Every structure is written in C-alpha cells, then in structure tokens.
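Q: sequence plus predicted model, see below.
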Amino acid sequence: MRGDKYIIGLTGNIATGKSTVARMLERLGAKVIDADRLVHWLLDKDKALKNSIVREFGSDILDENGRIVRKRLAAKVFGKPDALRRLEGLVHPRVIELTKWLINRADEKVIVVEAIKLIEAGMHADCDALWVVTCSRDEQLRRLVENRKMSPQEALIRIRAQPPQELKIALADVVIHNESDLGATWEQVKKEWEKVCQALKAKKVPEAPEPEEYPERAEAEIVARKAVRQDLAALAQVMSEASGKEIPEDEALMRLLEKGYILALSGDRPVGALGWLAENLVASIEDVFISPDFPAAKVLPAMLDAMEEEACTLLCEVAMVALRPDDPSGEIYERSGYQRQDDLDNLYKAWREAAAQLLKDGGQLYLKRLREEIITKPI
C-alpha cells in the first residue's frame, strides 16, 4: 500500500491483451495510467529528453519540424540490445517521474500502471501487486495478424524479440490468462478485484469509488458521464429503447469491455449511450444510442462533451465520427464543433487510418480538433 492508494503494475508481452485487462479494471473503478502512451507524450514535449536522444542517436530521427519520428527511432534500436538499453536509460527515469506525479494527483484509490516494459524499467518495485497478462503464442500470432494486419513472419519476429512470458510470470503476484474467451478473462479480473477491495478495507482505506452520484436535477436536464460496470442495466435499457430490440445485460457487458461508453441520464433515467475508442491519439465514435422520446439535440451534445473530456485525458488530438448522408444528427455534430471532411488525403496518416476504419461501410466523416498542439506525424 502506497499511502492511501493501492498500485497495480500491469504488464504482458505483445498481443497478450494487457490493454483489455486495463479497460476491465477501469470499468471496475480503477485509474489507469498508460506508461507507453506517456513515452509518446514525453518524446514530443520534453525538450531536454528529446535533445538527449538526438545527441545519442542522431538528428536523422527528426522530421522537418524538429520532432522525433518514432519509427525512425525504433529502427535505430530494434534488434540492437545495447542501443535499446541506452534509449531506455534516457526514457525510463522520466516516465517513472511523470507516472508518480500522476499517481499523486489521482482521486481514485486503485491505480493501474500499464506498461510493456514495467519490469525492465523497475517500476514494478513501487507497486503493491504485479499483474501479468498471458496467452498462448498461437493466440498472440492470431491477434497480430488479424487485428494489427502483420504478416505471419513479421508477427513472429515481434514475438521472438521480447523476453519469454515465463520470466514475467515468475515475478507475478497475479496471472491473468487471456485467451479468446473474453468472459473468462472478465471473471478472473473480477475475482482479483475483490481481493484488492478486501486489502483496501483491511488498511481502513476507502474502496475504489463508485460512479459519482449526481444530485436530483430537473427532468429536462441531461447529465453525461463515463459508464462503469454498475451501469450495465442502464446501458442495456437505453440500447434496447434506441435499437427497438432487446439488448441483454450480457451483451451490454461485452460492449463495455470492448470500448469506452458515455452514459447520459435525465434524473435517474438513462436516455443515451455513446461508444468510442481511443487509438493512436484519435477518438473514434462508433455507437450512439438515444431514447426515442428524448431530443437528440440535448442528449448528444452532453455525451460529446463528456467523451471529449475523457479523450483529452488520453492525449487524443481529434474526435471523429462517420454518419450516413441522411443522418439528421450531422447538424448537431456541426453545432458541437465537428466539421465535414471531404478530402481525407490532407489528414495526418494516423487520422486517415482511423477515418478509413470508420468509413469502411460508407458514410460522411465529421472531425473535431481537441487540442491545437499535434503529436501525430504527417508520414
């Protein structure tokens, strides 16, 4: 126990699903700090760190604007243990410092520090428990090929470049086996979460907070916030009302484990749900459910505001959504600051890739810049 907080160190090799477990813990009430995402932020924002890396690896890792191109830097160290150690010696101390700062500022009592190099950086020594997520090599390979579109040869190279999973498992306090059955993984996480809550009780520290309780409000006022596990019944209700078909809580749970959801409430009644994903600094809106007897013009903006606030904490640069040409909500998005994008070729590469995924079934793209400073590289 570190003061009044319980720190979980979460790690696992590539494609074992540590981010999936992190999302589950977040739904249960934990604060997740993605140390790998912090590295990206530091490479762009920490001038002293950037200058040290350039001195060590050369100015050819910079783009025309003087920013580090991560792919060029990765090429300098991939398959070169000595070079990788030098890079980690520069980066890890700053990541640890920033992680501790974020932990101290967090309101949540359970903090999850997610990092693929958690053990190598020595960060696990400052955690109350080390969780390691594992799966079979065949499953790793399948995920890299199907989800990340790698060739089998490339996927095997990436898998073999990492230390054996057994080395991490040998140090673990908790091992989560994450094969193809997401429900089985969820049951493991819930069981271990209960142990964490018991540890907090034993230390006389308040448990991880329940979703914020909002005061009584006028019927017409809409409140939107991040959905968590306790909202399953509310999510299933609004999804069923909006879609016109029965959505059981089990299905709502599976959706909640796959992506983030914003829940809109009018008083105690759920009136909207918005599903979104954050990937490569892009927030993609994938599902929108609004009860038919509530005005979308009130419900949707509230959900967008809440989603954008969450996205900004994840350093997302833009939010985007794909709408059918006849979708009347386009006007609502435009009033909320989203703009139609007709020329996708002018977008940054990461934005184009996210847009292409959203537009795979057709539609019109709407995009909103969430912050002026951009980390994404144009190549």
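A: Yep, that arrived. Residues are numbered from 1 along each chain as shown.
Q: for the rest of this, base every contact and every neighbour count on C-alpha atoms.
A: Fine.
Q: how far does the helix or strand where Ala224 lies sit from its chain's centre?
A: Per DSSP states H and E: Ala224 is located in strand 223-226. In terms of C-alpha atoms, centre = their mean, to the nearest Å, the centre of strand 223-226 is set 18 Å apart from its chain centre.
Q: what does stretch 60-78 give?
A: Distance of stretch 60-78 from its chain centroid, counting by C-alpha atoms, centre = their mean, is 24 Å.
Q: now do the end-to-end distance for it.
A: 16 Å (C-alpha to C-alpha, to the nearest Å).
Q: show me which residues of it are buried.
A: Using 16 or more other C-alpha atoms under 10 Å as the test for burial, stretch 60-78 gives 61-62, 67-69, 73, 76-77.
Q: closest to Gly275 out of those?
A: Val69 (30.9 Å; C-alpha to C-alpha).
Q: and that closest one, what's its pLDDT?
A: Each residue has a pLDDT score; the one for Val69 is 91.
Q: and for the one 10 residues further on?
A: Looking at Gly79, its pLDDT stands at 82.
Q: roughly how far does it sit from Arg160?
A: Taking C-alpha to C-alpha, one finds Gly79 at 10 Å from Arg160.
Q: how about Ala234?
A: Where Arg160 is concerned, Ala234 sits at a distance of 44 Å (C-alpha to C-alpha).
Q: residues in contact with stretch 250-266?
A: With C-alpha atoms under 8 Å, 6 or more residues apart in numbering as the contact definition, stretch 250-266 has outside contacts at 20, 23-24, 27, 183, 217-229, 232, 235-236, 270-277, 299, 302-303, 306-307.
Q: can you find the helix or strand in this protein with the smallest mean pLDDT?
A: Each helix and strand of the chain was given a mean pLDDT (mean pLDDT, DSSP states H and E); the minimum falls on helix 35-45 at a mean of 87.
Q: any idea which residue sits dead centre in this structure?
A: By C-alpha atoms, centre = their mean, the chain has its centre lying nearest to Ala278, at 5.5 Å.
Q: got phi/psi on it?
A: Phi and psi for Ala278, reported as degrees, to the nearest 10, are phi -110, psi 120.
Q: is it bridged to anything, and to what?
A: Note on Ala278: beta-bridge partners by DSSP bridges are Ala283.
Q: burial count for Pro163?
A: As a burial measure, Pro163 scores 10 neighbours (other C-alpha atoms under 10 Å).
Q: in the stretch 151-300 of the chain, where is pLDDT below threshold?
A: Within the stretch 151-300 of the chain, the ranges that satisfy pLDDT under 70 run 203-220.
Q: so where do the helices sit in it?
A: 152-160, 165-169, 182-202, 232-243, 249-258, 296-313 (DSSP state H, counting those that start in this stretch).
Q: what helices and strands are in contact with the helix or strand following the last one?
A: This means helix 296-313. Sequence order places strand 318-323 as the next helix or strand after helix 296-313, per DSSP H and E. Applying 3 or more C-alpha pairs under 8 Å, 6 or more residues apart in numbering; DSSP states H and E, one finds that strand 318-323 contacts strand 282-290, helix 349-358, strand 364-369.
Q: direction included, what does strand 318-323 pair against?
A: Looking at strand 318-323 with DSSP bridges, what it pairs with is strand 282-290 (parallel), strand 364-369 (antiparallel).
Q: beta partners for Ala273?
A: Beta-bridge partners, per DSSP bridges, of Ala273: Leu263, Phe289.
Q: got a list of what it touches?
A: Counting by C-alpha under 8 Å, 6+ apart, Ala273 has contacts 235, 238-239, 261-264, 287-290, 303.
Q: ok, how many other residues are close to the closest residue to Leu365 other than its chain neighbours?
A: What sits nearest to Leu365 in space, not counting adjacent residues and going by C-alpha to C-alpha, 6 or more residues apart in numbering, is Ala322, at 4.5 Å. Neighbour count for Ala322, taken as other C-alpha under 10 Å: 25.
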